[in-house]
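Chemist: all I have is the shape, not the residue letters:
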């Protein structure tokens with residue numbers, strides 16, 4: 001993992017989201033609705049909801065917005081029924097892209113995602129065509145600007161709580177966990193008052209692809225920007241070494 005400054009990408013995405021907070025609120029709202037429907041409104045007894053709440057806090061979603069979302073999902077029998085769907089495909093230069101969606105209209109979403117790929121010179125593939133190139137992991141990112149204590153102490157705290165790996169990057173610390181251990185590690189860090197820029201289950205590439213052609217870079221950014229603009233898209237993972 002070392003040698004790649006992942007936080008630069010995260011900050012870039014956060015800045016884009018800060019310019020359109022409605023997108024993040026839409027994403028979190030849908031994930032809360034699905035989590036509450038599946039496991040109830042109490043995060044203490046609903047791991048999935050606890051994970052979504054952690055993601056919401058890392059993205060600076062206000063507590064009252066989170067609570068309203070939970071209450072709405074728990075009390076609204078006529079709430080929209082969102083279905084999770086994942087699309088896999090290829091971008092320029094053989095890059096691999098995974099798109100997680102929550103939608104109330106699978107046909108619309110499938111068409112929109114396909115168009116995003118096509119407009120950037122990519123194509124949607126079959127299920128499993130690229131996911132084998134990624135590992136599903138819990139990932140916690142800590143901004144070095146927000147944490148000025150000893151790195152070794154942070155590493156030991158994370159590992160003792162059940163983390164698998166700890167990386168000291170250029171502008172951040174990255175903690176990797178098994179997906180099922182993410183919440184336990186996150187709570188241990190939160191208990192110590194450690195600020196987290198990201199705490200969520202993600203797909204981490206096993207290898208990265210470098211794009212050397214300006215045209216390929218332009219096309220890849222086109223795909224990612226179009227996907228980012230689609231409200232049905234919850235998350236996008238790729239192996240492009242930006």
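Modeler: Received, thanks. All of these numbers come straight from a predicted model, not from anything done at the bench.
Chemist: leaving out sequence neighbours, find the closest residue to residue 209.
Modeler: Nearest residue to residue 209 in three dimensions, chain neighbours excluded: residue 95, at 5.0 Å (C-beta to C-beta, 6 or more residues apart in numbering). C-beta: built from backbone N, CA, C; applies to glycine.
Chemist: and what of residue 122?
Modeler: Excluding the flanking residues, the one nearest residue 122 by C-beta to C-beta, 6+ apart is residue 91, at 4.2 Å.
Chemist: after the longest helix along the chain, which helix or strand is next? Please name it.
Modeler: If you go by DSSP state H, the chain has its longest helix at helix 21-39. Once the chain leaves helix 21-39, the next helix or strand it forms, by DSSP states H and E, is helix 47-58.
Chemist: by contact count, what packs against the following helix or strand past that following helix?
Modeler: Counting by DSSP H and E, the next helix or strand C-terminal to helix 47-58 is helix 63-75. Contacts defined by 3 or more C-beta pairs under 8 Å, 6 or more residues apart in numbering; DSSP states H and E place helix 63-75 against helix 21-39, helix 47-58.
Chemist: and among these, the most buried is which?
Modeler: helix 47-58 (a mean of 21; mean count of other C-beta atoms under 10 Å).
Chemist: show the average pLDDT along that helix.
Modeler: Averaging pLDDT along helix 47-58 yields 86.
Chemist: between it and helix 21-39, how many degrees?
Modeler: For helix 47-58 against helix 21-39, the angle by axes from the mean of the first three to the mean of the last three C-alpha atoms, to 10 degrees is 160 degrees.
Chemist: which strands and helices sit next to helix 47-58?
Modeler: Against helix 47-58 (3+ C-beta pairs under 8 Å, 6+ apart) you get helix 21-39, helix 63-75, helix 182-191, strand 198-205.
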